[in-house]
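S.K.: coordinates only, sequence not included:
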C-alpha cells in the first residue's frame with residue numbers, strides 16, 4: 001500500500017510511519033520541511049506527485065496537531081484560535097481536498113485523523129482547542145460522506161491524549177492515566193484495514209474505552 005503520513009516528523013508520525021513500513025508498505029512522510037500544508041497549491045502538487053510516482057494512494061493519516069488553552073474561559077485568546085485553526089483545520093482541509101480524488105479511486109483507502117475527548121466535553125479554558133477539534137471532526141465526516149459508496153473510508157480516532165517513550169523518560173513518576181501510547185495508535189490505524197470500508201466510514205472510534 002501507499003500511505004501518506006502528514007505531520008510525520010514528531011513521535012506520533014514516526015510511530016505510524018514505522019508501523020506501516022514494518023508491515024511492508026510504502027510510506028510517504030510529510031513534515032514541515034517538505035511541504036507547507038497551509039499552501040493549497042503546494043499540497044495539490046504533493047498529491048499530483050504521489051499519483052505520478054505511485055499511481056495511487058491507499059491511505060492518508062493526518063497527524064498535524066497542536067494545543068492551546070487558558071486558565072479560564074474569559075481569558076481565552078483568539079490568537080490561539082487563529083493558530084489552531086491553521087494547524088488543526090486548514091491543513092486538514094488542504095490535505096483532504098487534494099487527496100480525496102485519489103482515495104475515491106483506491107481499492108481500499110483510508111483517511112484518518114486523531115481527535116480528542118475534549119471535542120465532546122470542552123472545558124472552560126479549552127474552548128479554542130475543543131472547537132478546533134470539533135470542526136476538524138465535522139470536516140472529516142463530510143469527507144466520509146463523499147467517500148460513501150466507494151472502497152475507501154474516512155475515520156476519526158479519539159484519544160484523551162497521546163504518550164510516547166520520550167515523555168515517560170522525561171517524567172518517570174507521571175502515570176499518564178487514560179493516555180494512548182503512540183504505538184497503540186499506530187496499530188489501531190493499521191487495524192482499520194481489517195474492517196470493510198463501509199463499516200468504518202464516518203465513524204468515531206474511541207481508543208480511551
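M.R.: In hand now; what should we look at? All figures in this text were calculated on a predicted structure; none of them were measured in a lab.
S.K.: surely residue 186 meets residue 13?
M.R.: No - taking contacts as CB atoms under 8 Å, residue 186 lies outside contact range of residue 13: 9.7 Å. C-betas here are computed from N, CA, C, even on glycine.
S.K.: what pLDDT, on average, does the longest helix along the chain get?
M.R.: Scanning the chain for the longest helix, with DSSP state H as the assignment, gives helix 127-147. Helix 127-147 shows a mean pLDDT of 97.
S.K.: mind listing what's buried in it?
M.R.: 127-137, 139-141, 143-144, 147 (16 or more other CB atoms under 10 Å).
S.K.: residues contacting the closest residue to residue 107 other than its chain neighbours?
M.R.: Counting by CB to CB, 6 or more residues apart in numbering, residue 107 lies nearest to residue 151, which is 5.3 Å off, once chain neighbours are set aside. The contact partners of residue 151, taken as CB atoms under 8 Å, 6 or more residues apart in numbering, are 106-109, 197.
S.K.: Over to the residue of the chain positioned farthest from its centre. Which of the three states is it?
M.R.: Most distant from the centre of the chain: residue 74, at 29.6 Å, with distances by CA atoms, centre = their mean. Put simply, residue 74 is coil when judged by DSSP: H, G, I helix; E, B strand; the rest coil.
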